[in-house]
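Novice: One predicted model, sequence on top.
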Amino acid sequence: MPRKIIIDCDPGQDDALMLFLAFAAQDELEILGVCAVTGNVPLEKTQRNICILSDIVGNKTVPMFAGCDKPLETEGATAEYVHGEDGIDGIDIFDPVTKLESKGAVDFIIDTLMSAADNEITLVPIGPLINIATAILREPAILPKIREIVLMGGAMREGGNVTPSAEFNIYVDPHAAKIVFECGRPIVAFGLDVTHQVFTSAEVLDRISTIDNPVAKASHDLLSFFGRYDADKYGTEGAPLHDPCTIAYLLKPELFALKSCNVRVETQSALTMGHTAVDFWGVTNEPKNTQWAYQVDRDGFFELLIERLGRYRA
Ligand code: BDR
Ligand code: CA
């Protein structure tokens, strides 16, 4: 039986690659819906982008939902300087055939979970955690229905990418992230410690360019754009594939090393707002609320991605 998942995202080139990987894995994953949230670019663009990406993968069945357009308490932030003005710069923007559902993402998440069995549904958030936290606040009875929350966010050894101590998804809405990390359901977190081990390279882009289908072509074009920022910032050849780590884990957990840790989110200090305090060495007695990913088999990760991109039709 495929695992039932809800994807919550803010595309974003790496979100796009995550969606491409997920839609190529429908034997293993049943995608119940894709939700958009404000993040890399404002909601009006992320909600359009999920529909464009849906068209690119040829999706006709998985519904798309628009979610929250601002954080719970803070001002928020966007990242056009990384992803471009449209969020998915690198490919042409077009008017998508896929349309958003009239129901909002938070209602979709609540209704889907409330009609599910206990431990049935896996949430896969790869943007700021606003939709998920809002759903938990509005209907806490959804919690037992959640099997696992497999998220991209946070940083420990690697430091922050938006402030010295905070990773973007957590920084945008630390209060939402705190609610999610403290919700009591199993969490698997892919932060910068591991996503900075999966930078693309010229060799990876060359291999993707030899795959003859529209999704691989879009992947190549998105990653070519995405890589320019990171090449300047980190001196790397390419870009970190943050968000696809979540789906790679669901498909091949053996690619990753995880450690059970307590993770708490800073919501007070102006200096370290959005920092994830990961108790990697167990120096507190706080409950271990998170499987923290700290290592990935880079070659295995790219083998998986490239093999799955090859599954789309020419
Ligand atoms: C995260 O922030 C966004 O820029 C990416 O899409 C990813 O989800 C990395 O910090
Ligand atoms: Ca993202």
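Specialist: Okay, I see it. Ligands and ions are numbered 1, 2, ... in the order given.
Novice: how far is stretch 246-254 from where the chain is centred?
Specialist: Centroid separation for stretch 246-254 versus its chain: 13 Å, with CA atoms, centre = their mean, to the nearest Å.
Novice: Pull out the buried residues from it.
Specialist: When neighbours are counted by 16 or more other CB atoms under 10 Å, the buried residues of stretch 246-254 are found to be 246, 247, 248, 249, 250, 251. Placement of C-beta: from N, CA and C, glycine included.
Novice: Format those as TSV; extra columns: secondary structure, pLDDT and distance to residue 276.
Specialist: As requested, the buried residues of stretch 246-254 are arranged in TSV below (DSSP: H, G, I helix; E, B strand; the rest coil; pLDDT from 0 to 100; distance: CB to CB, whole Å):
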residue	secondary structure	pLDDT	distance to residue 276
246	helix	98	16
247	helix	98	21
248	helix	98	21
249	helix	98	18
250	helix	98	21
251	helix	98	25
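Novice: Farthest pair within those?
Specialist: Pairwise distances across the buried residues of stretch 246-254 peak at 9.9 Å for 246 and 251 (criterion: CB to CB).
Novice: Find residues that contact each of the two.
Specialist: Shared contacts of residue 246 and residue 251, defined by CB atoms under 8 Å, 6 or more residues apart in numbering, are absent.
Novice: Look up how far ligand 2 lies from residue 208.
Specialist: For residue 208, the distance to ligand 2 (CB to the ion, to the nearest Å) stands at 20 Å.
Novice: Alpha carbons only: can I get the lowest-mean-pLDDT helix or strand in the chain in CSV?
Specialist: Taking mean pLDDT, DSSP states H and E as the measure, the helix or strand of the chain with the lowest value is helix 214-234, at a mean of 88. Once non-C-alpha atoms are left out, helix 214-234 reads as follows in CSV (Å, rounded to 0.1, in the frame of the first residue of the first chain):
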residue,chain,number,x,y,z
PRO,A,214,9.8,17.7,-20.1
VAL,A,215,10.2,17.2,-16.4
ALA,A,216,13.9,16.5,-16.7
LYS,A,217,14.2,19.5,-19.0
ALA,A,218,12.5,21.7,-16.4
SER,A,219,14.7,20.3,-13.7
HIS,A,220,17.8,21.1,-15.7
ASP,A,221,16.6,24.7,-16.3
LEU,A,222,15.5,25.3,-12.7
LEU,A,223,18.7,24.0,-11.3
SER,A,224,20.8,26.0,-13.7
PHE,A,225,19.2,29.1,-12.4
PHE,A,226,19.2,28.0,-8.7
GLY,A,227,22.9,27.2,-8.8
ARG,A,228,24.1,30.7,-9.5
TYR,A,229,23.2,32.1,-6.0
ASP,A,230,24.9,29.2,-4.1
ALA,A,231,28.0,29.3,-6.3
ASP,A,232,28.5,32.9,-5.2
LYS,A,233,27.5,32.3,-1.6
TYR,A,234,29.2,29.0,-0.8
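Novice: For the residue lying closest to residue 195 once chain neighbours are set aside, give its distance to residue 82.
Specialist: Of all residues beyond its chain neighbours, the one nearest residue 195 is residue 242 (4.0 Å), with distances taken as CB to CB, 6 or more residues apart in numbering. Between residue 242 and residue 82 the distance is 11 Å, computed by CB to CB, to the nearest Å.
Novice: Of the buried residues of stretch 246-254, which ones also sit close to ligand 1?
Specialist: If you filter those for contact with ligand 1, counting by CB under 6 Å from any ligand atom, you are left with nothing.
Novice: Make JSON lines from the residues you listed and add distance to residue 212 to it.
Specialist: As requested, those are exported to JSON lines (distance: CB to CB, whole Å):
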{"residue": "246", "distance to residue 212": "27"}
{"residue": "247", "distance to residue 212": "23"}
{"residue": "248", "distance to residue 212": "23"}
{"residue": "249", "distance to residue 212": "28"}
{"residue": "250", "distance to residue 212": "27"}
{"residue": "251", "distance to residue 212": "23"}
